[in-house]
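Enquirer: here is a sequence with its predicted model. Questions after.
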There are 2 protein chains.
Amino acid sequence: METDRQIPQPSAEPPPCGAPRRGRPRSEAAELAICQAVERLMAEGGTLADLTIEGIAQAAGVGKATIYRRWPNKNALLVDVIDRLDEQMPQLPGTSVRDDLVVVMDHMRRRGLAKRSRWVLRMALEQLHSAPGLKEAYYSRVINPRRQALRSLVERGMAAGEFRSDLDSTLLAELFVGAMLLRTVIYDDATLDDPELPAMMVDSLLEGLRGPAHTSADPEPTTPVDASVSA
Amino acid sequence: METDRQIPQPSAEPPPCGAPRRGRPRSEAAELAICQAVERLMAEGGTLADLTIEGIAQAAGVGKATIYRRWPNKNALLVDVIDRLDEQMPQLPGTSVRDDLVVVMDHMRRRGLAKRSRWVLRMALEQLHSAPGLKEAYYSRVINPRRQALRSLVERGMAAGEFRSDLDSTLLAELFVGAMLLRTVIYDDATLDDPELPAMMVDSLLEGLRGPAHTSADPEPTTPVDASVSA
DNA sequence: CCGATACGAGACGTACTCGTATCGCAAATC
DNA sequence: GATTTGCGATACGAGTACGTCTCGTATCGG
């Protein structure tokens, strides 16, 4: 149990006020090289345990002491790197919310293809890869049977005419369960207590999420503010 | 010591055929206790690294040798436990595919509430907890800003009438991006190459996933059918 | 020039875990 | 009863990583 010791101040940001820092100043290049090395190693995949201090130091061409002079421990370094991540949002066209949404989701799609992004979540799942066979066992035993069963159910619905049949059954299944898995796995702060949630999700998806705007007359009193705030 | 004869296979399942197994037989209770201890420790959370052999042995009240007599290493034990998991599907009412789907998703919801289930995925995310602050930094820096931005976008669409406004904006946002996150994070074998995927997802969700079955005879595919189906 | 600090490199101690080996004892077959 | 195997407990070696410390060198202020 290592508690994060706060030794006086090996802090990342030495206070520029007060004494003008006698002696050799800290190399800004080293600090940059460390952070960039961490990001590079993150992009290469691997689990949290694979990100060793010595590996980071070597990748950055830096001694370990140079790292520990700036961050009290490995954890603080990683948190700091994550915190400095400049997660840029995609440029939204602003023509319609539907178009903006498509852009956002295409951004997600492309980032899903890139290794570097979503490292934290990917790292978590990559941990399964460090235990050979565990991932395969879990997927073949738990994940895939459920996917298959769900796909069969969806295909039954398509054959019965309850569901649209012009979409891929796999995609249709994912559209149905995606939000639920999101809540149960990733958004761990989201509430799951409402027993009406599944029915609401299914019926909303069946009915469609479109509003009345695509028709001409719309005397809706809610004053649609459609200012192009997409910046 | 002549090591040639002994122990070619410490396999988990000693072949019951052939010789009737001289000496003391293996305790079936020990095997059960081991598996149950693993499942219990899984339920308690923690990462893959927290599941140590000695911890398992102690939790099971068993010596380490008893474990290694049955499984060649820790990984095989875990894979075996995962593989023996009796993942039962929920009983489907079968009245309609929609009702079945609601049951399936409610099953997911309830399992999401239970700690024990989905251990492998949870364990992966729990790894973030082993690095204090990392999860918080990632969520506050990456996940939550995107959630917030997406929610603002959805609310803009609701205000503009493009989207339904009778649903919670958070839920609406999750319905839109759920499937995409599913593919980018969990279903890593799913393809993301199709650049039309986001538009197809968004438009399908807007249009609704219902088929023509609930009406008598109207196979028109494009006209949005708006039956009065209030939940 | 001098003290102070930073640098890269790497040795070092600590702690943890895996997987093996050993030690009495227990439970089965021969 | 002798032998063989399993049992829990635990010592052991090997490996890994963290975080500290030392060494010789480099760079700052004074």
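Expert: Noted; the coordinates are in hand.

Enquirer: where does chain A have low pLDDT?
Expert: The model of chain A has pLDDT under 70 over residues A:1-20, A:115-117, A:214-231.

Enquirer: what domains does the record give for it?
Expert: Domain ranges of chain A: A:28-84, A:131-209, per automatic domain parsing.

Enquirer: and the closest residue to A:Trp119 other than its chain neighbours, helix, strand or coil?
Expert: Using CB to CB, 6 or more residues apart in numbering or on different chains and skipping residues adjacent in sequence, the residue nearest A:Trp119 is A:Met42, 4.2 Å away. (C-beta placed from N, C-alpha, C; glycine too.) Using DSSP: H, G, I helix; E, B strand; the rest coil, the three-state assignment for A:Met42 comes out as helix.

Enquirer: export the domains of chain A to JSON lines and tack on mean neighbour count?
Expert: Rendered in JSON lines, the data for the domains of chain A read as follows (neighbours: other CB atoms under 10 Å in any protein chain shown):
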{"stretch": "domain A:28-84", "mean neighbour count": "17"}
{"stretch": "domain A:131-209", "mean neighbour count": "19"}
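
Enquirer: dump the residue contacts of A:Asp106.
Expert: Residues in contact with A:Asp106 (CB atoms under 8 Å, 6 or more residues apart in numbering or on different chains) are A:90, B:195, B:197-199.

Enquirer: element containing it?
Expert: Counting by DSSP states H and E, the element that carries A:Asp106 is helix A:97-113.

Enquirer: does the helix or strand just after that helix reach DNA strand D?
Expert: Past helix A:97-113, further along toward the C-terminus, the next helix or strand under DSSP H and E is helix A:119-130. No - contact between helix A:119-130 and DNA strand D is absent, the nearest approach being 10.7 Å (criterion: CB under 7 Å from any atom of the strand).

Enquirer: let's verify the closest residue to A:Arg183 other than its chain neighbours: helix, strand, or coil?
Expert: The shortest distance from A:Arg183 to any non-neighbouring residue, by CB to CB, 6+ apart, is to A:Ala190 (4.3 Å). Assigned state for A:Ala190: coil (three-state reduction, three-state DSSP).

Enquirer: which residues of chain A lie near DNA strand C?
Expert: When proximity is defined by CB under 7 Å from any atom of the strand, chain A lies next to DNA strand C at A:14, A:22-27, A:30-31, A:33, A:57-58, A:61-66, A:69.

Enquirer: what about the closest residue to DNA strand C within chain A, how many residues close to it?
Expert: Per CB to the nearest atom of the strand, A:Gly23 is where chain A lies closest to DNA strand C, at 2.2 Å. By the other CB atoms under 10 Å in any protein chain shown criterion, the neighbourhood of A:Gly23 contains 5 residues.

Enquirer: re earlier: tell me the two of the contacts of A:Asp106 that are most distant?
Expert: Every pair in those was compared (CB to CB); the two farthest apart turn out to be A:Pro90 and B:Leu197, at 15.5 Å.

Enquirer: quick one: contacts for the residue at minimal distance from the centre of chain A?
Expert: Among the residues of chain A, the smallest C-alpha distance to the mean C-alpha position (CA atoms, centre = their mean) belongs to A:Arg118, namely 4.5 Å. Contacts for A:Arg118 (CB under 8 Å, 6+ apart) come out as A:111-112, B:184-185.

Enquirer: then A:Asp100?
Expert: Counting by CB under 8 Å, 6+ apart, A:Asp100 touches A:92-94, A:230, B:153.

Enquirer: now the residue nearest to A:Trp119: how far from A:Thr52?
Expert: When distance is defined by CB to CB, to the nearest Å, A:Met42 is 13 Å away from A:Thr52.

Enquirer: for the spatially closest residue to A:Pro132 that is not a sequence neighbour, give me its contacts.
Expert: Nearest residue to A:Pro132, sequence neighbours excluded (CB to CB, 6+ apart): B:Asn75, at 6.2 Å. By CB under 8 Å, 6+ apart, the contact set of B:Asn75 is A:131-134.

Enquirer: what's the answer for A:Ala179, then?
Expert: Under the criterion of CB under 8 Å, 6+ apart, the neighbours of A:Ala179 are A:201, B:171, B:174-175, B:178.

Enquirer: what's the following helix or strand after the host helix or strand of A:Thr170?
Expert: Secondary structure assignment for A:Thr170, by DSSP H and E: helix A:169-181. On the C-terminal side of helix A:169-181, the closest following helix or strand by DSSP H and E is helix A:197-207.

Enquirer: now that next one against helix A:169-181, angle please.
Expert: 140 degrees (axes from the mean of the first three to the mean of the last three CA atoms, to 10 degrees).

Enquirer: give me the distance from helix A:197-207 to the chain's centre.
Expert: Per CA atoms, centre = their mean, to the nearest Å, the displacement of helix A:197-207 from the mean C-alpha position of its chain is 25 Å.

Enquirer: remind me what the helix or strand where A:Asn144 lies packs against, helices and strands.
Expert: With elements delineated by DSSP H and E, A:Asn144 resides in helix A:144-159, which encompasses its position. If you count contacts as 3 or more CB pairs under 8 Å, 6 or more residues apart in numbering or on different chains; DSSP states H and E, helix A:144-159 packs onto helix A:169-181, helix B:97-113.

Enquirer: possible to save those as a markdown table with distance to DNA strand D?
Expert: Listed next are the helices and strands packed on helix A:144-159 as a markdown table, based on distance: least, CB to the nearest atom of the strand, whole Å:
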| stretch | distance to DNA strand D |
| --- | --- |
| helix A:169-181 | 32 |
| helix B:97-113 | 32 |
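
Enquirer: out of those helices, which is closest to A:Met123?
Expert: Closest among the helices and strands packed on helix A:144-159, once you apply CB to CB, is helix A:169-181, at 19.0 Å.

Enquirer: contact partners for A:Gly55?
Expert: Counting by CB under 8 Å, 6+ apart, A:Gly55 has contacts A:Leu41.

Enquirer: give me the phi and psi for it.
Expert: Backbone dihedrals for A:Gly55, given as degrees, to the nearest 10, come out at phi -70, psi -40.
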